[in-house]
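Trainee: using only what follows, build the 3D model:
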Amino acid sequence: QVQLVESGGGLVQTGGSLRLSCAASGSILGIYTMGWYRQAPGKQRELVATITNGGTTTYAESVKGRFTISRDGAKNTVYLQMHSLKAEDTAVYYCNAFKVVMPEGYGMDYWGKGTLVTVSS
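Mentor: Model prediction:
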């Protein structure tokens, strides 16, 4: 099992910044990708950004140029630095880890409980 604990959410004004953190613990060997997803009220959960253990990143179009994902392997922690926040960024942000379980070779997703980001105008 992998445990993911998010922190750093809160209330911020439009145009402000926040940094989210997600610490992974437990059976972390084999984690290939970590990332952030978000779910706004009444909407489906959507990808925000991911990073592989090799450092390859992907971003949703809506956050490109404003958000940066990074990973500290030594601390087993992934960060999401958010700048120029907009009201539409308001959501619960969830940390995700995708792990390849060996030797069977199948993948498993793990999720944190989420942290609320509220952007007020």
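Trainee: for the spatially most central residue of the chain, what are its contacts?
Mentor: Against the mean C-alpha coordinate of the chain, by Cα atoms, centre = their mean, the closest residue is Trp36 at 2.1 Å. With contact taken as Cβ atoms under 8 Å, 6 or more residues apart in numbering, Trp36 is in contact with Leu20, Cys22, Val48, Ala49, Thr50, Ile69, Val78, Leu80, Tyr93, Tyr94, Cys95, Asn96. Where C-beta positions appear, they are placed from N, C-alpha and C, glycine not excepted.
Trainee: and the fourth one, how far from Gly65?
Mentor: When Cβ to Cβ, to the nearest Å is applied, the distance between Ala49 and Gly65 equals 12 Å.
Trainee: between these two, point out the one with more neighbours.
Mentor: Neighbour totals were compared for Ala49 and Gly65, and Ala49 leads with 23 against 9 (other Cβ atoms under 10 Å).
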